[in-house]
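> Predicted structure and sequence below. I'll ask about it afterward.
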Amino acid sequence: MTDIILKADNIVKYFYEPEKFQVLKNISFEVKKGEFLALVGKSGCGKSTLMYILSTMDTDYSGTLNINDTPLNNRTQNELAAFRNENIGFVFQFHYLLPEFSAIENVMIPALKLKKKSKEEIKEKAYQTLELLGLRDQALKHVNKLSGGQQQRVAIARALINDPTIIMGDEPTGNLDTANTQIVFDIFRDLAKERKQTIIAVTHDDDFADNCDRIIEMKDGRIVNGR
């Protein structure tokens with residue numbers, strides 16, 4: 001059993017509007033189980049485009065992508081959607097919670113879609129996940145009544161509910177103040193260290209990146225530094 005969770009090999013991506021432009025140039029790297037990796041680089045370097053491909057949302061590229069020993073090329077959109085729901089948790093700069101729902105209802109949504117457990121089992125798992133993030137006492141509140149930092153922790157709980165292979169974060173602390181940025185970082189660090197949760201985060205925050213296990217730096221569509 002390999003400890004390689006994600007393997008990208010020779011990923012090449014073009015944009016065609018307003019003219020043909022190669023945005024990713026032969027990207028290859030591997031990520032291990034339990035690794036906390038930061039993907040960095042100046043705006044326009046291709047890191048968000050790469051994240052979109054790694055998340056299986058973009059299939060218009062050449063090269064190969066393998067996650068959790070599963071080749072993901074030449075899959076239908078329905079197959080990829082099912083794979084994402086079970087294997088990838090997402091945390092974005094904006095939390096994308098449903099404001100008319102409570103915290104626990106938001107957390108339960110991916111598991112209800114997966115349909116592998118009863119509603120009561122899912123609710124109990126959601127409570128446990130919120131407790132892990134220090135939010136059990138906020139479970140029944142509508143999310144629009146929570147602070148920004150609390151909302152982002154609910155989003156992390158939602159990302160964790162299906163025990164995903166990888167959590168992918170796109171500027172997960174971009175809308176947070178310094179104190180809440182540290183809280184979210186510490187949560188990710190604990191998840192990687194204690195639960196062997198693999199995390200890949202796109203970030204512009206140098207302090208955030210410097211404290212990750214590994215940094216992959218991109219420039220002009222290439223990996224220029226992996227450390």
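Looks like it came in fine. No experiment lies behind these values; they were computed from the predicted model shown.

> Roughly how far does H204 sit from G169?
Going from H204 to G169 by Cβ to Cβ, to the nearest Å gives 12 Å. C-beta coordinates here come from the backbone N, C-alpha and C atoms, glycine included.

> between the two, who's got more neighbours?
Ranked by neighbour count (other Cβ atoms under 10 Å), H204 and G169 place G169 first, with 26 against 14.

> Now the more buried one: closest residue in space, sequence neighbours ignored.
Closest residue in space to G169, ignoring its immediate chain neighbours: A201 at 3.8 Å, by Cβ to Cβ, 6 or more residues apart in numbering.

> Compute the distance between the one you found and Q182, please.
A201 sits 14 Å away from Q182, going by Cβ to Cβ.

> Could you give the bridge partners of I199?
For I199, the beta-bridge partners are F36, I167 (DSSP bridges).

> Count the residues that sit near it.
For I199, the neighbour count with other Cβ under 10 Å is 25.

> Was I right to think it contacts D190?
No: in this structure, I199 is not within contact of D190 by Cβ atoms under 8 Å, at 10.8 Å.

> Can you list the low-confidence ranges for the chain?
Scanning the chain for pLDDT under 70 picks out 1-2, 226-227.

> what about the helices in it?
Assigned by DSSP state H, the chain shows helices spanning 47-54, 77-87, 103-114, 119-132, 148-160, 178-195, 206-210.

> and the residue positioned nearest the centre of the chain, what does it touch?
Nearest to the geometric centre of the chain sits M168, at 1.4 Å (Cα atoms, centre = their mean). Contacts for M168 (Cβ atoms under 8 Å, 6 or more residues apart in numbering) come out as M51, L54, S55, I88, G89, F90, V91, I199, I200, A201.

> at 10 Å instead, please
Going by Cβ atoms under 10 Å, 6 or more residues apart in numbering, M168 touches 6, 39, 51-52, 54-55, 57, 84, 88-92, 159, 198-202.

> quick one: it from K119, how far?
Per Cβ to Cβ, M168 is found 27 Å from K119.

> Over to D186?
For D186, the distance to K119 (Cβ to Cβ) stands at 31 Å.

> Same check on F92?
Distance, F92 to K119, by Cβ to Cβ: 26 Å.

> Compare those two (neighbour count), which wins?
More crowded of F92 and K119, by other Cβ under 10 Å: F92, with 17 against 10.

> Any idea how far apart the tips of stretch 129-148 sit?
One end of stretch 129-148 sits 18 Å from the other (Cα to Cα, to the nearest Å).
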